[in-house]
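Visitor: Any chance you could fold what I've pasted below:
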Amino acid sequence: MIYYTQLIFIKPGCEQEFHAFEDKVLPLLKEHNGQLIYRVRPPQSAFVENSQELPYEIHLVSFDSKDDFKSYGADPKRLAFMDMKNNSVEKILLIEGFAL
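Guide: Numbers count the residues shown, from 1 in each chain. The predicted structure follows:
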C-alpha cells in the first residue's frame with residue numbers, strides 16, 4: 001500500500017470549478033485500486049503554526065501500488081477534465097509515503 005497526501009492551493013475565486021473537477025475525478029480512484037481516505041478543508045484556526053501559505057484542501061489517498069497511482073493519473077476519463085484543474089488550481093504539493 002502506498003499513500004499520497006496532496007496540499008492543494010486554489011486560485012482565488014475558482015473554488016466552484018475546482019469542486020466540479022473533483023466531483024468528476026475522485027470517483028475514478030476506485031477503478032485504479034485507489035481510496036480517498038481524507039478530504040479536508042481546514043479553517044485557518046486549525047493551523048497551529050505555519051511558515052507558508054495555507055492550503056485550501058488536503059487529500060490523503062491510498063493505492064495498492066505506485067503503478068495504480070500512475071494509471072489513475074493517466075486515465076483518459078480523468079485527463080478529459082484537466083482544463084478544469086488547470087483553471088482552478090494554483091499548485092499542489094504531493095507527498096508520497098508508506099505506513100510504518
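Visitor: how many other residues sit next to residue 44?
Guide: Using other Cβ atoms under 10 Å, residue 44 has 7 other residues around it. Quick note: C-beta positions are derived from backbone N, CA and C, even for glycine.
Visitor: For residue 99, see how far away it is.
Guide: According to Cβ to Cβ, to the nearest Å, residue 44 stands 30 Å off from residue 99.
Visitor: How about residue 89?
Guide: For residue 89, the distance to residue 99 - Cβ to Cβ - is 27 Å.
Visitor: Also residue 7?
Guide: 20 Å.
Visitor: go on, residue 71?
Guide: 21 Å.
Visitor: Just want to know which of those two has more residues nearby.
Guide: It is residue 71, of residue 71 and residue 99, that has more neighbours when counted by other Cβ under 10 Å, with 17 against 7.
Visitor: That one should be in a helix, yeah?
Guide: Yes - Residue 71: assigned to a helix according to DSSP: H, G, I helix; E, B strand; the rest coil.
Visitor: ok, then the element right after the host helix or strand of residue 84?
Guide: Using DSSP states H and E, residue 84 maps to helix 82-88. Downstream of helix 82-88, the first helix or strand assigned by DSSP H and E is strand 89-97.
Visitor: Quick check: mean pLDDT of the helix holding residue 84?
Guide: For helix 82-88, the mean per-residue pLDDT is 97.
Visitor: Identify each buried residue in it, please.
Guide: Neighbour-count burial for helix 82-88 flags 84, 85, 88 (criterion: 16 or more other Cβ atoms under 10 Å).
Visitor: Let's have these in JSON lines, adding distance to residue 38.
Guide: Listed next are the buried residues of helix 82-88 as JSON lines, based on distance: Cβ to Cβ, whole Å:
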{"residue": "84", "distance to residue 38": "22"}
{"residue": "85", "distance to residue 38": "20"}
{"residue": "88", "distance to residue 38": "20"}
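Visitor: The longest helix seen in the chain - contacts with which helices or strands?
Guide: When the chain is parsed with DSSP state H, its longest helix is helix 15-25. When contacts are defined as 3 or more Cβ pairs under 8 Å, 6 or more residues apart in numbering; DSSP states H and E, helix 15-25 packs onto helix 76-79, helix 82-88.
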